[in-house]
Each structure stands twice: as C-alpha cells, then as structure tokens.
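> here's a sequence, model it:
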Amino acid sequence: MRRYPTLLFFTFLFLSLNIQAQEECTQRYREKVFPEIGLDGNISFGEWIAPQGGVRPLRYDVYYPKNDTATLRPLVVLWHGGAYMDMFTKESPDIVMMAKDLARMGYVAISPDYRGIRDIMDFFNDGGLIREVAGSAIDANKAICHILDQIENNGNPYRINKDEIFAGGVSGGAVTGLHALLVPTVDDLGSQNATWAREVDNGIIDEIINNKFCGHTNAIKGFINISGAILDTSIIKKVPISFLNIHGTADQIVMFNYGKPLGGVTAAPALYGSKPVHEKLLSLGMHSEALFSNGLGHVPFMNLDLGSILKYGLGLINMDEYDKTLKLISNFLFNQISCEKKVVTPTGIRPDNQIEINIYPNPVNNSFEIKMPENKLWQIQIIDITGKAIQQHSFSGNNYIHHAESLAKGIYIVKISNPIESEKVYISKMIKQ
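Numbers count the residues shown, from 1 in each chain. Next up is the predicted model:
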C-alpha cells in the first residue's frame, strides 16, 4: 500500500508546528524589550605601534541589557567606518546607536577600536591603504581573541554565548571584516599586496590568517556587511558563515558594484562591492542575504552624499531607512540563534496570519518562481524537515525566481514575509526532486 500521502501530511504538520514555534517565540531579540542598557567602556584588548612611533592602546566598549536574567546572550561585534582615518572611533554615532538598540533587544554588543591613518599622505601611497586594511584585520583578530579569552578563561563577565557570536561593519569596518573573514591566505591578495600586508607588525598577518581568532576559526557565525567591499571576489572560498549585505546602489564612496573608492581621487585600488560579494557567496552555496537600496548612497541610512542630503535633509541619520535596516538585521540574527522561551502550538492548524501561496514548477528541479500579491521588500526562507531555515534571501518586487540547485532532494516549506510588516506570512510546501 502506498504511504506517500500520509507521509506528506505528517511532514507538513511537523513543519507547521516548527514554523509556529519560531513565530511565537518571545519578542526578545526582535523588539526593544529592555528599557535600560549598560555600558562598560574602554576595555583594553591590545595595542599597536604607530609608524610615526609610540605605542597606542586598543579598547572596546560593551553595551548590554540591564536587569537581564538570561544565562547566556548572543554577541554582535560592530566595527565602525571612517575611511581608516584616525579621527573616527568606536564611538561613531551610527555604531553607538545600533549597539544600543541591539542591547535593548537583548544582545550584547561590542564596538572595538582598530588602527587608523594619521598621515593624510597615506591616501596617495600605493601601499598605504593595503597596509591599513592589514593592520585593521590584525586588530579585529585581537578583539575577537580577547573576547573569547574572557568567555573561556575569565569568568565570562558579559554572559556571552560563544556559539552565537556575530560581527558586522560599516564602510571601512565592513571592509575590515570581509577581509578578516574571507581571505584564505595572504598570498591570495596578490604578490604586491601581500608584500605590503607583511610590512605591518613584523609580518604577523600570515599567522593571524592561518590561525584566525587564536584557533577559533569558526568563531563568527554571521557577518553584517554595510557598504563594504573586498579586493577580489575570486579569493573567496566557502566558509560556514552567513552574510547580510546592505548597500546603496548609488554609492560613490565604496562602489556598490566595482570601482575605486572615495571617487577615485586616492591611490586606493579598485574594490568589489556588496553586489558581486553577495553573488559570489550565493554561487558557493553559502547563506547570503541582501538589501540593496535603489538610488541611495553610501551607508543607506546615513546622509553622507549630496543626493541623500537633498532628498532627506541635513540630519545625519535617515531614521526611516535606519529602522528598516535594523529590522532586517534583527531578523537575520534571530533566525540563527536559540531562544530560551518558545511556545509550541498543540495543533497543526495553520494560524490566521499564514496564507498559502503557489510556487511553480512544483516539484522543483533547478529553480522555481513566485508571484507575490504586492510590490515590496520580501524575505524568503527555505525550511527543511527539521524546521531549520537552511536558505534565506531578500528580494524586492512582485516576481522572484529562486535557484534551488544546491538543495538536496526532499520536502521543504517556503516561507515569505515582509521584514518590516510581518503580520502576514505566505507559505508553500515545496518538493525538490
């Protein structure tokens, strides 16, 4: 007797239970549920020697929710931007605002120092910015090593879950993070670039890359790339890290696609922006999401270019765009962490806010198409039989084609929602053959 219909029914029932459990999880990590936050500033994690002489300290600030009873909390490390100029710090207003908001959601957020340019002429030196990126990657590594040492050997004072450490960066901070996480070896940078990188701190960059994060190679679970770029996407190899890429399509400071940063007026090399980075990650079968803001400039939620200033005024932060970005970041993080409290529905009946939607073809070979009822930003998740979201992407518009070549044969749930207005959830069963 054929049992397939029965198997499909119970499989769909099981997945419905798991989806409902995730949806009814406590609002912690998605909403600002902590009215008060704490700040421990200027915690020393290392030092560096400036080319002009003198030892300079490296410090980080820790933001955390007050009156929090959770045993362990996820961590988000945020590297600031500023074109590697020494005048920009871990107290950059966008980073402070984001760190505070993440702490209000229940995360621990850390904003570290990294070295910066003290001599403006370095901008016109072929190797100057390569050395700065290498130095900042070394400092980023020191910060993560210190945090892990605090967790494992010094009582874990901020109650950080070492299995749920995420990182992110804005502009130069994103460039730092992408290179720290995605460069396999120093030689992959190219002969001349590798030579310049090895001039920093007596050539320690090889040891740093070969022994990332003091032996905790996979310490970072996910990375939030806001207006970042990398020297060459061809050096990227598959790693167990998820990515969220946020970039304005009209960015002229760090190009969205490919080109020289800072308008090409410096000696900085051409870089590959978030668009080709996202495409490369997807081609490797990695988890990569994207929010590409059409027509917006550098760091879409900040008014840093003439077009944004004319459109949104002289305020530094475009709060509408910032709120959209923060919502997307919180969803990206939430879908990869464990919650301490979950409510499981004791029935397989689909909730009222879940609407069945068709995908075609179904069963699926290599790709399937979806037609959404509205033209807006959507987030799609592919959920396997265990209830785990194994793929997640963002797209805009009514029509979307999802490439499913990397999926194993089996039964999945396709779940689609708007990351800003999540009242309605569209779902469909999908069979990969």
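> could you list the low-pLDDT ranges of the chain?
Applying pLDDT under 70 to the chain flags the ranges 1-26, 51-52, 86-87, 117-124, 303-316, 339-353, 386, 422-423.
> which parts of it are helices?
All helices of the chain, identified by DSSP state H, fall at 4-23, 93-104, 128-153, 172-182, 191-197, 205-210, 274-283, 306-312, 319-334.
> please identify which of the ones you listed is closest to residue 394.
helix 319-334 (7.1 Å; C-beta to C-beta). C-beta coordinates here come from the backbone N, C-alpha and C atoms, glycine included.
> tell me what that closest one is packed against?
helix 93-104, strand 220-226, strand 242-248, strand 288-293, strand 367-383 (3 or more C-beta pairs under 8 Å, 6 or more residues apart in numbering; DSSP states H and E).
> partners of the third one, with directions?
So the one you mean is strand 242-248. strand 220-226 (parallel), strand 288-293 (parallel) (DSSP bridges).
> angle of the longest one against helix 172-182?
It stands for strand 220-226. On the basis of axes from the mean of the first three to the mean of the last three C-alpha atoms, to 10 degrees, strand 220-226 is oriented at 150 degrees to helix 172-182.
> how far does strand 220-226 sit from the chain's center?
Counting by C-alpha atoms, centre = their mean, to the nearest Å, strand 220-226 is centred 3 Å from the centre of its parent chain.
> what does it rub up against?
Strand 220-226 has contacts (C-beta atoms under 8 Å, 6 or more residues apart in numbering) with 76, 144, 163-171, 174, 177-178, 181, 213, 241-247, 274, 277, 287, 299, 325, 329, 332-333, 336.
> which non-adjacent residue is nearest the most centrally placed residue in the chain?
Centroid check for the chain by C-alpha atoms, centre = their mean gives residue 224 as the closest residue, at 1.7 Å. When the adjacent residues along the chain are set aside, residue 224 lies closest to residue 168, with 3.1 Å between them (C-beta to C-beta, 6 or more residues apart in numbering).
> count of residues packed around the one you found?
27 (other C-beta atoms under 10 Å).
> is it in a bridge, and if so with what?
Applying DSSP bridges, one finds that residue 168 bridges with residue 78, residue 224.
> got the contact list for it?
Counting by C-beta under 8 Å, 6+ apart, the residues that residue 168 touches are 76, 77, 78, 79, 174, 177, 223, 224, 225, 226, 244, 329.
> same deal with residue 243?
Residue 243 makes contacts with 222, 223, 224, 225, 277, 278, 281, 286, 287, 288, 289, as judged by C-beta under 8 Å, 6+ apart.
> I'd assumed residue 274 was in contact with residue 178.
No. Counting by C-beta atoms under 8 Å, residue 178 does not reach residue 274; the two are 9.3 Å apart.
> where do the contact lists of these two overlap?
Going by C-beta under 8 Å, 6+ apart, residues that sit against residue 178 and also against residue 274 are 225, 228, 229.
> can you lay out those residues as TSV showing neighbour count?
Shown next, in TSV, are those (neighbours: other C-beta atoms under 10 Å):
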residue	neighbour count
225	29
228	30
229	29
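> mind putting the residues you listed into a markdown table with distance to residue 262?
As requested, the shared contacts of residue 178 and residue 274 are exported to a markdown table (distance: C-beta to C-beta, whole Å):
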| residue | distance to residue 262 |
| --- | --- |
| 225 | 18 |
| 228 | 14 |
| 229 | 12 |
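> which one among those residues gets closest to residue 416?
Distance ranking of these against residue 416, using C-beta to C-beta, places residue 225 first at 23.2 Å.
> residues contacting residue 290?
Listed by C-beta under 8 Å, 6+ apart, the contact set of residue 290 reads 244, 245, 246, 247, 274, 275, 278, 393, 394.
> which ChimeraX command selects the buried ones in the contacts of strand 220-226?
Paste this into ChimeraX to select the buried members of these, with burial taken from 16 or more other C-beta atoms under 10 Å:
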select :76,144,164,165,166,167,168,169,170,171,174,177,178,181,213,241,242,243,244,245,246,247,274,277,287,299,325,329,332,333,336
